[in-house]
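K.L.:
Let me see the structure of the following:
(3 chains)
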Amino acid sequence: MLGVTADPPAAAPSAPNIANCMLLVDRLSVRYGAVRALQDASIRVGRGELVALLGPNGAGKTSLISGIAGLVASAGSVRFDDKEITGLHTEERVRLGLSLTPEGRHVFTNLTVEENLRLGAATRRDRSEVAADFDKYLTLFPILRDRLHQLAGTLSGGEQQMLAIARSMMSRPRLLMLDEPSLGLAPRIVAQMFEYIQLLKAVGVTLLVVEQNVTQALKFADRAYIISAGAIRHEGTGEEMRADRRLIDYYLGG
Amino acid sequence: MDYVIQQVLNALAFGAEYALIALGLALVYSIMNLMNFAHGEIIASAGYAMYLAVALGIGSPWLVAPMAIGAGALAAVLFERVAFRPVRHAPSTTGLLTALGVSIVVQNLFTLFVSPRPRSVPAFNELSRTIFIGPYAVSLLQILELAVVAAAIGGLVMFLKRSTLGLAIRAATREFSTVRLMGIRANRVIAAAFALSGLLAGIAAIFIVARRGSVDPDFGFQPVIKAFVACVIGGFGSLSGAVVGGLLLGFLDVAIVSLLPQEYGGLTDAIAYALIAALLVVRPEGLLARRVELGDKEI
Amino acid sequence: MSQSAESTAPPIGLKHRAGMRPVVRSLIGALITALPVVAIGFLIFAFAPAYLVRVAFAAYVNLLIVLGLQLFMGNSMVANLGQGAFVGIGAYSVAILATPVAMKKLSIPHAPFGLGQIAIDPLLAAIAGLGISGIFAVLTGLVIARLSGEAATILTFSLMMIVHSVFIHWTDLFKGAQAFFGIPQVVGLPSAIAAAVLGIVVARLFKDSRAGLQLRASAESLLAARAFGVDVWRLRLIAWILGGIMCGAAGILYAYFMGTINVRAFHFELVMTTLAMLILGGLRTVSGAVFGSALLSIVLEAIRSFESGAAIGGITLPPLLGLSGIAMGAVIVLGMTFRPRGIFVRLELDELLRRWLLPPAWRRGRGRT
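P.N.:
Presented below is the predicted three-dimensional model:
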C-alpha cells in the first residue's frame, strides 16, 4: 500500500532508466577537421519510444545520428541494446538492428523499387519471413506495390521517402533513425508521413526522428531533445513541449 | 561478300575483347572512382598463369582456361587488398598513381622472375583454325570469342540483377554509403567488384593468348589503353557504355585498317584517336553517360 | 593594396616581409624553393663525373616537364597525359631547324618545304621551337579547355597518340622511328638549371596570381566558380599554353644537349614518369613538383646502377633486369599509401618554413593556402 512508489507509467516516461534503454549515447562529439559539429551530446531512447530530435539548420542533428550510425568518426560512447557499439563499423551496427534512413532519402535510383527493398533485407537469411515483410510493407505503402518494377529514380519525393523507410524496415531494425523524413514533401504528404511513423511505433519499432517540422513531430513524440549550435539544450516530454512553446521558440526561432 | 563478313567478324571479335576489358574497368571505376591502370597487369597475371600451367605440363585448354580466369580474379582482389584499400578515400589522382605504381611493380616482377622476352603459351593453338559456317570460312577462335564474351556479359548481367551482392554493386555505383546502411560490408562489395573485373580480364587474357601464342610483361598494356578509351567513349562508369564503347572501337579499328590506303598504314592510331577526340568534343560525357545528380546532401 | 610596404618604415625586418606585396612574396617563395635545385645542380656540375652530369641534365629536363604539368594539372585538377607531345614538338622543332645542312643531307634528305636546305642559328631555332609549341598549345587548348574529367584526360592522351604517330609516319621530316642525329649540342647543365629555376618562378607566380587562384577555385567547384563569373575556359587555356610552352622548352633543351633524339623518348614512359613525380610530390604545389622530381630521379638512378650489375665491396652483382621498375613502382605505391596527397599537400616550402620558423605573431602575412 503506502510506502511503495509505483514506477512511472511506461506510456509517458520522463526519461527511461538506464536498464530500459534501447539506445544510450554518452557525451558524443563529432568534428570535421577544425569544425566542431557536435559537442558532448548525451541522449537516451527507451524501448518502444518515439523520440524527436529538434533543432535549426546546422545544429548538429545529422552529425549526431551519423555518429550513432557510425558513418562519421566520433568521440564518446554509444550503447545499443545493452551492448557497447562504439568503434563498430556502420555495417555491424546495422546488423545489430540499428538502422538509419538518411536525409534526402538516398534510395538507389538506378534500381527498381523491388530491388531496393531486397537490398534492405540483405542481411537477413529467413527467406519466408522476408517475403512476409515484403508483403507487409507493400500493404502499408500501397503506392510502392504499384511502382514495384519502376526505377526508384522515377518516384516522387514522397514515394521515395516511403521507399526509404520501407527499405530500412526490411532489415527488421529494433531502432530506426529517420533523418528529416518530411523534408521537401508537400504538406499533405507530410501529414501522411507522420501517420506512417505512428504506425511503425504502434507495431513496436523504437524510433529516433530528426525533424524541423516541430509541430508535427511534437504531436506524436513521447519525448524530444532540442539541439542547437552543436549541443543538447533541452530535453522533455512531447506533452511538456507542446504545452510550453517558449523553449522551442527560443531555439528554433518560432 | 566473304571479305565483308570476315571484316565484320574481325571487328566484333576485337570489339568483344575491348568490351570485356572495359567492363572490368567500368565496374571498378563506377564504385571506387578508380581508373585502374593496373588492369593490364591483371590480364598479364592471367597470361603468366597460363604460361606456368603449360610449363608445369598442364596442356589441356580445359584446365588452363579456368586457371587463367581464377588467376585474374585472384590478382584483382590481391591488388585491391594490398594497394588500393589504403588509398580508398584519397583523391582520384592518388588512386590513379597507385594503380600506375602497381602496374610498374608487377610488370617488372614478370621481367625479373620470368623474362623480359615473350614466352610461348601453346595451349590454345588448335583454336586458330578455320571452320565453315554454310559457305563462309570463318575463324573458330573468333566465333568462340564472340560466344564466350556474350555468355560472360549475360552472366554478369544475371549476377548484377539477381544476386544480393550484384544488387549491392549496382547500388554502390550511386550511393556507396547508403549501401553500408543496409548492413552490407563495404569491403565485400569492393572485393566482389574487383573479383568480377578480374574474371572478365582472365577471360580476355585467354583470347589474347590464343591469338598471339605468347605472353610478355607488356601483355595487357595495349588492350587496356584501348579499353580505357572505350570506357570514355561509352561514358565512364556506365557498364552498358563500356560494352557499346568497346564494340564501337573494334569497328573503328577494323574500318580504319581496311579502308586506309597501304602507304598511310602508320597513321592508323592518329586517325583513330582523332575520331575519338572529335567524338569527345561533341559528347564529352560519352555516348551512354551516367547521370549525375547534384544537390543531394552527402552523408 | 594602395599603401605599399615601402612607404612605411618597418620596425623589424621580418615584419617587413610579412607585409610585402603578394607578387614579391611569391617570387621570394619561388626562389627559396629553387635554392636546393640550384645548389645541387652546381655541385654536380662542378664536382661530379661526366656521366652524372648527364643524369642530372635529364633530371632537370624532367623537372621542367613536371613544372609544366603542375601548372596546368595542379591548378585546374584536370589530369593531363599529353605532355609528351609538347616535349616532342619542342625537340623536333629545333632538330629540324638548327641541324646543319650537311647533316640533314644524311638524315632527312627528302625533307619537305625546303627544310633540308636551311639551318638557322640555334637560339633562333629555340625561339621558333617555343613559338611552335605555343601555337600548338593554343590550337589544342581551345578544345581541351572546354572539357573536364576523364574526357579531357583522354583528349590529352589522344593528342599525344596523334602527334606520336605523325612523328613515326612522316619519315621525310622526322626520320620516323629512327634516331634524329646531328643536332648542335649547344647547351650544358647550367642552362637546364636556369630553365628549371625560371620554370619554378613562372609556375609559382601563376599559382599565386588572381588567375591561378580562380582556376584552383574552379577545380573545387566548377559551378560555384562559374556562378561568381570566373571564365574557367579562358583560365584553363592560359594554364594549358604556359604548361605546353614549358614542356616544349624541355624538349628543346633535351635535343640541344643530347644531339640525338628518338621519338620513343616522348611517349608513355616519359608521361608516366613525370606524372608519378608530380603526384608523388603533391600536384597542388610547385614545391611538390620540385621535390617529387628530385625524389624519383634519385631513386631511379640509385637503383639503375644495381640493375646493370653493380659492384659492391668487390662483389659484382649479376644484372637484375626489372629491379629499377619494381623499386620505382614500390616507391609510388608506398608513397601514396603513407602520403596519399603527396609530400607537399597545400603549402609551399617557404610557407611551411615560415610556419615552423616564425613565432605566431609574425605569421600574418602567411600566403593563401
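
K.L.:
So residue B:98 sits against residue C:332, correct?
P.N.:
Yes: assessed by Cβ atoms under 8 Å, residue B:98 is found in contact with residue C:332 at 7.1 Å. Any C-beta I mention is one placed from the backbone N, CA and C, and that applies to glycine too.

K.L.:
Which residues are in contact with residue 105?
P.N.:
With no chain named, the answer covers chain A. Contact partners of residue A:105, counting by Cβ atoms under 8 Å, 6 or more residues apart in numbering or on different chains, are A:157, A:160-161, A:163-164.

K.L.:
should've been chain C
P.N.:
By Cβ under 8 Å, 6+ apart, the residues touching residue C:105 are residue C:116.

K.L.:
Could you rerun that using 6 Å?
P.N.:
By Cβ atoms under 6 Å, 6 or more residues apart in numbering or on different chains, the contact list for residue C:105 is empty.

K.L.:
ok, the nearest residue to residue C:156 once chain neighbours are set aside to residue C:235 distance?
P.N.:
Spatial nearest neighbour of residue C:156, chain neighbours left out: residue C:82 (3.3 Å); criterion: Cβ to Cβ, 6 or more residues apart in numbering or on different chains. Remark: distance between residue C:82 and residue C:235 (Cβ to Cβ, to the nearest Å) = 18 Å.

K.L.:
More neighbours: the two, which one.
P.N.:
Shown here are residue C:82 and residue C:235; by other Cβ atoms under 10 Å in any protein chain shown, residue C:82 has more neighbours (28 against 25).

K.L.:
Any chance of the contacts of residue A:105 in CSV with secondary structure and distance to residue C:100 as columns?
P.N.:
Listed next are those as CSV, based on DSSP: H, G, I helix; E, B strand; the rest coil; distance: Cβ to Cβ, whole Å:
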residue, secondary structure, distance to residue C:100
A:157, helix, 75
A:160, helix, 74
A:161, helix, 78
A:163, helix, 77
A:164, helix, 76
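
K.L.:
Only whichever of these are buried, select them in ChimeraX.
P.N.:
Per 16 or more other Cβ atoms under 10 Å in any protein chain shown, the buried members of the contacts of residue A:105 correspond to this ChimeraX selection:
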select /A:160,161,163,164
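
K.L.:
In chain B, mark out all the helices, start to finish.
P.N.:
With helices called from DSSP state H, chain B shows them at B:2-32, B:39-55, B:61-79, B:92-113, B:140-162, B:164-172, B:176-181, B:186-212, B:221-234, B:239-259, B:268-282.

K.L.:
So what touches the second one?
P.N.:
Right, helix B:39-55. Contacts of helix B:39-55 (Cβ under 6 Å, 6+ apart): B:25, B:64, B:67-68, B:71-72, B:75-76, B:103, B:106, B:119, B:121, B:123, B:198, B:201-202, B:204-205, B:209, B:215, B:219-221, B:224.

K.L.:
hmm, try it at 7 Å
P.N.:
B:21, B:24-25, B:63-64, B:67-68, B:71-72, B:75-76, B:102-103, B:106-107, B:110, B:114, B:119, B:121-123, B:198, B:201-202, B:204-205, B:209, B:215, B:217, B:219-221, B:223-224 (Cβ atoms under 7 Å, 6 or more residues apart in numbering or on different chains).

K.L.:
tell me the pLDDT at the residue lying closest to residue B:197 once chain neighbours are set aside?
P.N.:
Leaving aside its sequence neighbours, residue B:197 sits nearest to residue B:24 (Cβ to Cβ, 6+ apart; 3.3 Å). Predicted confidence (pLDDT) for residue B:24: 94.

K.L.:
Report the contact partners of residue B:24.
P.N.:
B:39, B:197, B:200-201.

K.L.:
you'd agree residue C:160 is up against residue C:82?
P.N.:
Yes: counting by Cβ atoms under 7 Å, residue C:82 is a contact partner of residue C:160 at 4.4 Å.

K.L.:
what number of residues lie near residue 143?
P.N.:
Just so you know, I chose chain A. Neighbour count of residue A:143, defined by other Cβ under 10 Å: 14.

K.L.:
think we crossed wires, I meant chain C
P.N.:
16.

K.L.:
For it, pull up the helix or strand it's in.
P.N.:
In the assignment (DSSP states H and E), residue C:143 maps to helix C:122-144.

K.L.:
In ChimeraX, select just the buried ones from the contacts of helix B:39-55.
P.N.:
Entered in ChimeraX, the line below selects the buried ones among those, by 16+ other Cβ under 10 Å:
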select /B:21,24,25,64,67,68,71,72,75,76,102,103,106,107,110,114,119,121,123,198,201,202,204,205,209,215,217,219,220,221,223,224
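
K.L.:
Report the secondary structure state of residue A:77.
P.N.:
strand (DSSP: H, G, I helix; E, B strand; the rest coil).

K.L.:
contacting residues around it?
P.N.:
Counting by Cβ under 7 Å, 6+ apart, residue A:77 has contacts A:26, A:84, A:86.

K.L.:
list the contacts for the second one?
P.N.:
So that's residue A:84. residue A:77.

K.L.:
what's the spacing between it and residue B:181?
P.N.:
The spacing between residue A:84 and residue B:181, counted by Cβ to Cβ, is 21 Å.

K.L.:
The residue positioned nearest the centre of chain A: what secondary structure?
P.N.:
Closest to where the C-alpha atoms of chain A average out (Cα atoms, centre = their mean) is residue A:177, at 2.1 Å. Here residue A:177 takes the strand state, with states given by three-state DSSP.

K.L.:
who's it bridged to?
P.N.:
Taking DSSP bridges as the rule, residue A:177 bridges to residue A:100, residue A:208.

K.L.:
ok, it - contacts?
P.N.:
Contacts of residue A:177 by Cβ under 7 Å, 6+ apart are A:65, A:68-69, A:99-100, A:208.
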